[in-house]
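1. Attaching a predicted model along with its sequence, questions to come.
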Amino acid sequence: MGARFEVQGHAAYCYTGGRAFDALLPTVVFVHGVLNDHSVWGLQSRYLAHHGFNVLAPDLPGHGRSAGEPPRSVAQAADFVLALLDAAGVQQAALVGHSFGSLAALEAAARAPDRVSRLALLGTAYPMKVSDALLQAAREQPLRAIEITNTYSHSTLAPPPSALGPGTWLYGHSRALMRRVLASNPRVNVAETGFGACHAYEGGDDAIERVRCPVLFLLGERDAMTPPRAARSLQARARESRTVLVDAGHSLMAEAPDAVLAALKTFLAP
């Protein structure tokens, strides 16, 4: 079940976790990373939607089922998140972001601190520099960029059953998703825009110092894309934070779905 909103002049799709959207409930917004969409939050979004929360897991503009231009910067992605709250009639929400989505959530919380009640940063890093090889592949051979990203994003071949179902092949599932998201926008190379935005972002230290709400750093112990040590700058500057390490790589929502959900449940509890 999903909902559509007009955000910044374009239709934006949000997965609502199998429940009808209800702006009166506490709201959690899930923000995905590069070449992903709302589906990466499967277990976490469904559980919270059926346990007292209003869930909005959007496809970012120009990705999947959402129209518009894909964000070419973290600032543009943050503006979309805040505009989505306006369009949905939500005054305040918890933001949960993964990878590029974590930077967008961070920037949104810094720009509008009174509108963000909790901030969970998964697989985050600052600076989130991208290797020259991956940037070049994203620009010239996006399918090759997908292969590189999958190689470094996973630390296991198959996830627990609670993620994608028994017997699911993580590499194949993730590769198919990324190819689908890439193909969903024939006009703009969303691999290039996404990785370029990560690489160019320079506002992290200033942003975390402007965040007023509690912050959760949820990191994969075996993450080769954004190793836990890469979050230290943000951790040192956060006003009120906690860190949870899970046994997973960069794709921690799929590789450690139950541990990620448990950490979010604890963090989001009133």
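-> In hand now; what should we look at?
2. which parts of whichever helix or strand Val181 is part of are buried?
-> Using DSSP states H and E, Val181 maps to helix 170-183. Residues 170-171, 173-175, 177-178, 181-182 are the ones in helix 170-183 that count as buried (16 or more other Cβ atoms under 10 Å). Where C-beta positions appear, they are placed from N, C-alpha and C, glycine not excepted.
3. Give me the residues contacting it.
-> With Cβ atoms under 8 Å, 6 or more residues apart in numbering as the test, helix 170-183 has contacts from 35-37, 39-40, 63-64, 142-143, 146-147, 149-150, 153-154, 156-159, 164, 189-191, 251, 254-255.
4. and it, C-alpha only, in PDB?
-> The C-alpha trace of helix 170-183 is given here as PDB (Å, rounded to 0.1, in the frame of the first residue of the first chain):
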ATOM      1  CA  LEU A 170      21.400 -10.800  -1.900                       C
ATOM      2  CA  TYR A 171      23.700  -9.900  -4.800                       C
ATOM      3  CA  GLY A 172      21.100 -10.800  -7.400                       C
ATOM      4  CA  HIS A 173      18.300  -9.100  -5.700                       C
ATOM      5  CA  SER A 174      20.200  -5.900  -5.100                       C
ATOM      6  CA  ARG A 175      21.600  -5.900  -8.700                       C
ATOM      7  CA  ALA A 176      18.100  -6.300 -10.100                       C
ATOM      8  CA  LEU A 177      16.800  -3.400  -7.900                       C
ATOM      9  CA  MET A 178      19.600  -1.100  -9.000                       C
ATOM     10  CA  ARG A 179      19.100  -1.900 -12.600                       C
ATOM     11  CA  ARG A 180      15.400  -1.300 -12.300                       C
ATOM     12  CA  VAL A 181      15.900   2.100 -10.600                       C
ATOM     13  CA  LEU A 182      18.500   3.100 -13.200                       C
ATOM     14  CA  ALA A 183      16.100   2.100 -16.000                       C
END
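5. what mean pLDDT does it have?
-> The average pLDDT for helix 170-183 rounds to 95.
6. repeat for stretch 91-99
-> Stretch 91-99 comes out at a mean pLDDT of 98.
7. I appreciate the help and will end here.
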